[in-house]
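Undergrad: Just the structure for this:
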Amino acid sequence: MNRTPSFDYYQPTEIRFGWGRTDEMGEVAASFGEKALLVTGSSSQAKFPLYKRIKKDLKEQGLETVHFDGVVSNPNTESIDRGVEIARQENVDMVLGVGGGSSMDTAKAIAVGATHEGRAWDYRLFTDKEITEDVLPIITLTTTAGTGSQVTPVSVVTNEEEKLKFALADDLLCPDVSIVDPEVTLTVPGHVTASTGFDVFAHAFESYIHQDASPYTDLQARESLRLVAKYLPRVVEDGSDEEARYWMSWADTLAGYCIANSGTTLPHGMGMAIGGHATDVMHGEALAAVYPQFTRYTYESAREKFARLGRIFRPELKEEPEQAAAEKTLEIIDEFLKEIGMWNDLEGLGVEKGELQAIAEDSVKLPDYQVNPRVPDKGEILELLEASYRR
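TA: As a prediction, this is how the structure comes out:
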């Protein structure tokens, strides 16, 4: 008798989703203490009104706010260490991460470093240091529809000295409360929208083909993929499309649930390694660069789910046999990348060809490749990187 799989599902984060929910930040924060560390990117002219709005709300709720605006793209240990120092000096009660994945991941790492001995980096995966319940409360407001960090137990950090992009990961890093307000995504530039949006696609699809996928995450992944297929091209073309912004925010959250409970596969391990060696490359850009080779390497080992993905994009493929639909899905993904302006290669992203061997070696330091439907060795990963170097 074939038995259906057993699975666990855990999601501790309270989600406040919808237009205008940003104005609830003060109310939420007040339930966790009296002094907050606001963690953001630079106080640029574009973002200043949002930060001012949040500070005003916090003040009206009686909170004192310390603002750390030193978040950098692809959060690094140096930036996080500065934030940790401020959090310790100011003895804050909570950390508020406002921004894209970089701000949210930085906030999570600061929440660890502020209450644990040593550096936050010391608590990354596969070390002997454990994250404890002393971690500060974490509240997030995501300003992009892309990383899923608002619901995941992961903080991705780059150590530039070691050229290594790695993760802190523990259920205690799931934010206590996350506000998801599509309104604050309206000003995100087109390329950032496309890059973070493709990350949503990758989260949903990789969790879907993951060896630890479950009926629950499959359900969420298919819905996320349906929404991305419909709304990402629209919002890339017109960033003011409120309907598309709304549904991309929901697709991002669904995909975050998926990776929090199953995970990602081969492309994410490769993408993390690429980011460690080329820190200016956005995560979504790295994923897009390797996806055409990844899909061709993998699809025969996950034909059913590749075919289902193709049928989400093109319902007429329901009339096609599974093998034919799966094969056509490879072209569909290529065309989707071109449509959203993400058809790129590693050379075009500025990755040095001489770094490919080291990137391949770093790609196997995380377990993502081990849960791919077809498990590569280091040599095969290098071949995929070389094939992704020049399109």
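
Undergrad: Could I get the CA-only coordinates of stretch 12-30 as CSV?
TA: What follows is stretch 12-30 as a C-alpha-only set of coordinates in CSV (Å, rounded to 0.1, in the frame of the first residue of the first chain):
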residue,chain,number,x,y,z
PRO,A,12,4.4,31.5,14.2
THR,A,13,4.4,35.0,12.6
GLU,A,14,1.3,37.2,12.9
ILE,A,15,0.6,38.7,9.5
ARG,A,16,-1.1,42.1,9.1
PHE,A,17,-1.8,42.2,5.4
GLY,A,18,-3.5,45.0,3.3
TRP,A,19,-3.5,48.5,2.2
GLY,A,20,-2.5,51.1,4.8
ARG,A,21,-1.5,48.6,7.5
THR,A,22,1.8,50.5,7.9
ASP,A,23,0.0,52.8,10.3
GLU,A,24,-0.3,49.9,12.7
MET,A,25,3.4,49.7,13.4
GLY,A,26,3.3,51.8,16.5
GLU,A,27,0.4,49.8,18.0
VAL,A,28,2.3,46.5,17.2
ALA,A,29,5.6,47.7,18.6
ALA,A,30,4.0,49.0,21.9
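
Undergrad: quick one: buried residues of that stretch?
TA: Residues of stretch 12-30 classed as buried: 13, 15-16, 21-22, 24-26, 28-30 (neighbour count, 16 or more other Cβ atoms under 10 Å). C-beta here means a position set from N, CA and C on the backbone, and glycine is covered the same way.

Undergrad: TSV for those residues, including pLDDT?
TA: Below are those laid out as TSV (pLDDT from 0 to 100):
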residue	pLDDT
T13	98
I15	98
R16	98
R21	98
T22	98
E24	98
M25	97
G26	98
V28	98
A29	98
A30	98
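
Undergrad: so which of these comes closest to E90?
TA: The shortest approach to E90 among the buried residues of stretch 12-30 belongs to A29, at 14.8 Å (Cβ to Cβ).

Undergrad: Am I right that the closest one is in contact with V98?
TA: No. Counting by Cβ atoms under 8 Å, V98 is not a contact partner of A29; they are 11.2 Å apart.

Undergrad: Distance to R308 and secondary structure for the buried residues of stretch 12-30 - can I get that in a markdown table?
TA: Formatted as a markdown table, the buried residues of stretch 12-30 follow (distance: Cβ to Cβ, whole Å; DSSP: H, G, I helix; E, B strand; the rest coil):
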| residue | distance to R308 | secondary structure |
| --- | --- | --- |
| T13 | 28 | coil |
| I15 | 27 | strand |
| R16 | 32 | strand |
| R21 | 33 | helix |
| T22 | 36 | helix |
| E24 | 37 | helix |
| M25 | 39 | helix |
| G26 | 43 | helix |
| V28 | 38 | helix |
| A29 | 42 | helix |
| A30 | 45 | helix |
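
Undergrad: For P175, state which of the residues you listed is nearest.
TA: For the buried residues of stretch 12-30, the nearest to P175 is T13 (5.1 Å; Cβ to Cβ).

Undergrad: The closest one contacts G148, correct?
TA: No. Assessed by Cβ under 8 Å, T13 is found out of contact with G148, at 11.0 Å.

Undergrad: centroid residue for this structure?
TA: T147 (2.6 Å; Cα atoms, centre = their mean).

Undergrad: Against A120, how distant is the nearest residue to that residue once chain neighbours are set aside?
TA: Counting by Cβ to Cβ, 6 or more residues apart in numbering, T147 lies nearest to G101, which is 3.0 Å off, once chain neighbours are set aside. G101 is 16 Å from A120, where distance means Cβ to Cβ, to the nearest Å.

Undergrad: okay, these two: which has more neighbours?
TA: Set side by side, G101 and A120 show more neighbours around G101, with 29 against 25, by other Cβ atoms under 10 Å.

Undergrad: Report pLDDT for the more buried one.
TA: With respect to pLDDT, G101 has a value of 96.
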